[in-house]
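Participant: Okay, here's the prediction I keep looking at, along with the sequence it came from:
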Amino acid sequence: MSELPVLRLLPGRDRRVKAGHPWTFSNEIAMSAALRALPPGSPVRLEGDDGVKHGVWHFNPHSLIAGRVLDRNPEVVPGANWYRRRLSEALKLRERLGVPRFCRLVHAEADGLPGLIVDRFDDVIALQANTAGMEAATPLIVDALQELLSPRAIVARNDASVRALEGLELHSGLLHGTEARARVEEGGIAFEVDLLSGQKTGWFFDQRENRARVAGIAQGATMLDAFCHTGGFGLLAAKAGAAQVTLLDRSQPALDLAMASAASNGLGDRVTAQRGEALETLERMVGARKVFDVVVADPPAFAKSRKDIPAALRAYQRLARLCAQLVAPGGYLFIASCSHHAAPAEFAEAVAQGVWRARREARLLASTGAGPDHPVHPLLPESAYLKAQLLQLG
């Protein structure tokens with residue numbers, strides 16, 4: 001460990017680190033020419049100007065978030081054994097939660113692996129390294145995953161825009177194995193998943209509990225699943241007894257996967273697909289006076305940065321207004337936001353105002369987030385990105 005570079009905090013700039021925050025910023029660090037010359041993602045020992053040791057961190061001299069904590073123990077060596085142990089701990093948690101084969105296996109800082117996302121599709125793994133530290137450690141991570149799980153394939157989905165903040169290129173491809181075919185089993189349905197060109201890592205495990213909740217009210221209902229991706233909400237509702245489900249998305253490949261899953265699970269006669277930009281199509285449906293017993297709206301992030309928040313909140317309000325007009329009296333609206341920049345209270349207010357502008361009375365049945373395989377770091381509100389509401393409309 002003595003060979004690891006020492007990163008020192010500036011005098012008086014250690015308050016957040018001492019309070020347990022897992023990040024340190026570039027303006028809190030006593031930079032030097034030697035530190036600036038370190039390869040991005042290098043492991044370092046972090047110390048205060050008072051000599052207090054704060055553990056081992058990943059350091060990127062070119063990023064605003066310059067340091068991300070790996071281990072509070074300043075004596076650890078973040079090598080193969082360390083990564084194997086952290087991944088093993090994450091796996092044991094998912095086993096305890098009862099979702100080990102199909103789950104978010106690693107959720108970045110909350111699992112002690114800052115910047116790393118790992119999704120498990122039984123014998124296929126999708127890996128997203130969003131920091132220079134995890135990019136550099138990817139060979140160690142791949143070796144550890146092979147030892148722990150013996151996967152048929154490991155796929156890199158390093159195409160998230162946040163990588164640009166770390167000076168990383170965007171790329172996707174196989175890290176292990178020869179092909180990336182995968183599927184998800186959920187609620188008695190097998191879904192086909194495109195790990196190389198689908199959204200994010202190919203599937204939204206974060207909505208598992210919310211999909212089950214919506215399916216629980218879907219028996220005998222007509223349903224619109226807007227921004228459906230590969231049809232998770234809609235197909236599970238059909239499986240639960242929905243009379244008719246309309247899937248809406250702008251991606252034809254996603255709709256093709258959804259309809260293939262519907263056919264292979266014996267649901268094709270009750271599921272139809274409609275391609276189109278969701279907000280524009282919802283406007284036309286309102287104009288045509290269409291109604292559904294259940295409407296689901298699970299859009300991609302409207303706020304990519306803090307400056308986008310006002311426009312994003314207006315978009316959520318518009319989305320809630322349009323969807324509310326499509327819900328039959330006594331029916332249900334499920335609406336979600338994955339924009340971590342939009343605070344829960346702001347999102348809730350936008351939804352409430354949108355529903356009211358549709359002149360609908362509502363009662364909130366559930367206000368939820370991601371499932372427990374997406375743990376939240378208590379000092380990183382950004383990790384609690386998903387917000388969702390289930391409402392009944394009068």
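Facilitator: That came through fine.

Participant: Tell me where the model's unsure across the protein.
Facilitator: Counting by pLDDT under 70, the chain has low-confidence residues at 1-2, 198-200.

Participant: make it 50
Facilitator: 1 (pLDDT under 50).

Participant: hey, where'd the helices end up in it?
Facilitator: Using DSSP state H, the helices of the chain run over 15-18, 33-36, 80-97, 132-136, 138-149, 208-215, 232-239, 252-264, 278-287, 309-326, 344-357.

Participant: Just say which of the ones you listed is most tucked in.
Facilitator: Across the helices of the chain, averaging neighbours per residue (mean count of other C-beta atoms under 10 Å) puts helix 232-239 on top, at a mean of 28. Backbone N, C-alpha and C define where each C-beta goes, glycine included.

Participant: ok so, going back, quick one: closest of the helices of the chain to A297.
Facilitator: Proximity to A297 (C-beta to C-beta) singles out helix 309-326 among those, at 5.1 Å.

Participant: by contact count, what packs against that closest one?
Facilitator: The contact analysis (3 or more C-beta pairs under 8 Å, 6 or more residues apart in numbering; DSSP states H and E) places helix 309-326 against helix 278-287, strand 292-297, strand 327-337, helix 344-357.

Participant: relative to helix 344-357, how tilted is that helix?
Facilitator: Angle of helix 309-326 versus helix 344-357, following axes from the mean of the first three to the mean of the last three C-alpha atoms, to 10 degrees, is 40 degrees.

Participant: residues making contact with stretch 307-324?
Facilitator: Contacts of stretch 307-324 with the rest of the structure, by C-beta atoms under 8 Å, 6 or more residues apart in numbering, involve 226, 279, 282-283, 286, 295, 297, 299, 301-303, 333, 335, 337, 339, 341-342, 346-347, 349-355, 357-358, 360, 362, 393.

Participant: just checking, R270 touches A242?
Facilitator: Yes - with contact defined as C-beta atoms under 8 Å, R270 counts as touching A242 (6.7 Å).

Participant: out of these two, which sits in the busier spot?
Facilitator: Set R270 next to A242 and count neighbours by other C-beta atoms under 10 Å: A242 wins out with 27 against 19.

Participant: Might you report the residue contacts of the more buried one?
Facilitator: Taking C-beta under 8 Å, 6+ apart, we find A242 in contact with 218-223, 234, 270, 294.

Participant: do A342 as well
Facilitator: Counting by C-beta under 8 Å, 6+ apart, A342 has contacts 302-303, 309, 312-313, 316, 350, 387.

Participant: Let's have those in JSON lines, adding distance to V327.
Facilitator: Output for the contacts of A342, formatted as JSON lines (distance: C-beta to C-beta, whole Å):
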{"residue": "F302", "distance to V327": "21"}
{"residue": "A303", "distance to V327": "25"}
{"residue": "I309", "distance to V327": "27"}
{"residue": "A312", "distance to V327": "22"}
{"residue": "L313", "distance to V327": "21"}
{"residue": "Y316", "distance to V327": "16"}
{"residue": "A350", "distance to V327": "17"}
{"residue": "K387", "distance to V327": "19"}
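
Participant: List just the nearest of these to I189.
Facilitator: Among the contacts of A342, K387 lies closest to I189 (C-beta to C-beta), at 25.4 Å.

Participant: and that closest one, what is it in contact with?
Facilitator: Residues counted as contacts of K387 (C-beta under 8 Å, 6+ apart) are 336-337, 342, 344, 347-348, 367, 369.

Participant: can you do 10 Å?
Facilitator: 316, 335-340, 342-348, 351, 367-370 (C-beta atoms under 10 Å, 6 or more residues apart in numbering).

Participant: domain ranges for the protein?
Facilitator: Structural domains assigned to the chain are 6-71, 80-182, 204-393, following automatic domain parsing.

Participant: one step back: out of the contacts of A242, grab the one that's most surrounded.
Facilitator: Top of the contacts of A242 by neighbour count (other C-beta under 10 Å): G234, with 33 neighbours.
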